[in-house]
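S.K.: just coords:
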RNA sequence: GCCCUCGUCGUCUAGCGGCCUAGGACAACGGGUUUUCAGCCCGUGAAUCAGGGGUUCGAAUCCCCUCGAGGGUACCA
């Protein structure tokens, strides 16, 4: 078997790596690893109008954050440089012209106005919107000359007859009638290739063995297959992943869901949890396990077992899984993650001491703040006013006790009993006075960390 | 409209002709542990397997049709 080489080909047209790209990246990565192959990144920056400055850097950074390491890419180079399509324009031009020579493509001089009008008519007549082929029969020689001075594109000449079939590794054979396939533009008038020319040429040149991409590409795959045929190249294997969806079942979009990996980083999710969750969207561990690492996935992975139905992305379940990972993380490591998440705002040693008290209550790193901020800063706001009398009881009990859980508890219960009050109420009052909130980590253990002096000051300040 | 893909609890799924009066997880709800909230443990409800026809002794599982959902239909990817 030839070397397995997979790739993801993101476009720098959004603010960051799309979570759907992270999902296909994961599968491509795992598949490559499974067979000891390479996972590469190619940037498809062929749409100048949608280009977003800094997008590529953030995409690469998010991939690195997730731990999906690539063997070749625009940042680290590789044997098939360059890995940015905008730097490969000559290559596409050459191959597009080769297709013209072979009669499988032609120059098209139609203006976008004409094309728009044409489509409008077709729509009115209930016809499929397709290029009408006006430039199809232009003489190649004269077209070639005109192409020097007039803006034009190069279109694929799709056969009028026949059927194009391809095999999808997870869905089986899929066929399309050629007469329904449009004469796709391959090279735009600005000299940039369209996606279709770009992918085929680069995947071939970069020796990509398996194309694992989103389901939205199924309908354009026959165009790609035709291109492989016309070039006389051996096509790679195709596999189309089910699309991630919004709760309303439409394709996952930023209107309805956080879609950027950066959004998830900011919400305090862990990369391991995101990857694990994404994995379960498309694939099930043969043992039925829900929590598993990328490494475990590599061992048990099977492309054929990829799901065919498009899953709805459920943030609640991701949150649950993230909580599971949080609890699995060693506190020495977690302390650094929390420290970094809050940009060093909280003292690391103190963070570490508070972790056992809050970890069971957290689903994301972002929840640490509301749970534990009182350890670092005296509360300025109180969820509700405190009862002076009850606080007084707690205060009196704590003033003269040893500073450990059992002694504190005994003292408070004793003092409460003397006053004829309920211990439960005093504990709650104490909690609000110390933390400003009615819910939080275990009280007495928190006081142990806070220390007697600070506790008593807080009690005297509470109102 | 046309083309393509898909269709098991609210969600993610197990299931590959009898083990299914359909199992698990998240979510929901109830209970226990408890000074709060979590966590943990126990339990409850939740899918006439989209619908209809076949095939078969027997179908969630195979075939056909219908319906539904999604994707595509750009000089965007």
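M.R.: The structure has been received and is ready for your questions. Note that the coordinates shown come from a computational prediction; the quantities given were computed from them, not determined experimentally.

S.K.: what kind of secondary structure is residue A:324 in?
M.R.: Here residue A:324 is helix, with the state taken from DSSP: H, G, I helix; E, B strand; the rest coil.

S.K.: If we look just around RNA strand B, which residues of the stretch 351-463 of chain A are in range?
M.R.: Neighbours of RNA strand B within the stretch 351-463 of chain A, by C-beta under 7 Å from any atom of the strand: A:360-361, A:405, A:409, A:423-424, A:427-428, A:431, A:438-445. For glycine as for every other residue, the C-beta is placed from the backbone atoms N, C-alpha and C.

S.K.: Looking at those residues, which are in helices?
M.R.: Using DSSP state H, the subset of those located in helices is A:405, A:409, A:423, A:424, A:427, A:428, A:431, A:443, A:444, A:445.

S.K.: For these, please prepare a markdown table with the additional fields pLDDT and neighbour count.
M.R.: As requested, those are exported to a markdown table (pLDDT from 0 to 100; neighbours: other C-beta atoms under 10 Å):
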| residue | pLDDT | neighbour count |
| --- | --- | --- |
| A:405 | 95 | 14 |
| A:409 | 96 | 16 |
| A:423 | 93 | 15 |
| A:424 | 94 | 9 |
| A:427 | 97 | 18 |
| A:428 | 96 | 16 |
| A:431 | 97 | 23 |
| A:443 | 97 | 19 |
| A:444 | 97 | 16 |
| A:445 | 97 | 16 |
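
S.K.: Please convert these to TSV, extending it with distance to residue A:268.
M.R.: Shown next, in TSV, are those (distance: C-beta to C-beta, whole Å):
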residue	distance to residue A:268
A:405	29
A:409	33
A:423	35
A:424	32
A:427	29
A:428	28
A:431	24
A:443	25
A:444	27
A:445	23
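
S.K.: Those residues of the stretch 51-200 of chain A touching RNA strand B, which are they?
M.R.: Counting by C-beta under 7 Å from any atom of the strand, the stretch 51-200 of chain A sits next to RNA strand B at A:110-112, A:115, A:119, A:126, A:128-131, A:151-153, A:171-172, A:174-177, A:180, A:182, A:185, A:188-190, A:192-195.

S.K.: what about residue A:330, distance to RNA strand B?
M.R.: 17 Å (C-beta to the nearest atom of the strand, to the nearest Å).

S.K.: no wait, residue A:104
M.R.: In terms of C-beta to the nearest atom of the strand, residue A:104 sits 17 Å off from RNA strand B.

S.K.: Quick check: that residue touching residue A:232?
M.R.: No. Assessed by C-beta atoms under 8 Å, residue A:104 is found out of contact with residue A:232, at 10.5 Å.

S.K.: Of the two, give the one with the bigger neighbour count.
M.R.: A count of neighbours by other C-beta atoms under 10 Å puts residue A:104 above the other of residue A:104 and residue A:232, at 18 against 7.

S.K.: Next one: that one from residue A:230, what distance?
M.R.: Noted for residue A:104: a distance of 4 Å to residue A:230, by C-beta to C-beta, to the nearest Å.

S.K.: What of residue A:270?
M.R.: Counting by C-beta to C-beta, the gap from residue A:270 to residue A:230 is 47 Å.

S.K.: Please identify which of those two sits among more neighbours.
M.R.: Per other C-beta under 10 Å, whichever of residue A:270 and residue A:230 has more neighbours is residue A:270, with 22 against 18.

S.K.: neighbours around the closest residue to that one other than its chain neighbours, how many?
M.R.: Excluding its sequence neighbours, the residue lying closest to residue A:270 (C-beta to C-beta, 6 or more residues apart in numbering) is residue A:325, at 5.0 Å. Around residue A:325 there are 21 other residues, counting by other C-beta under 10 Å.
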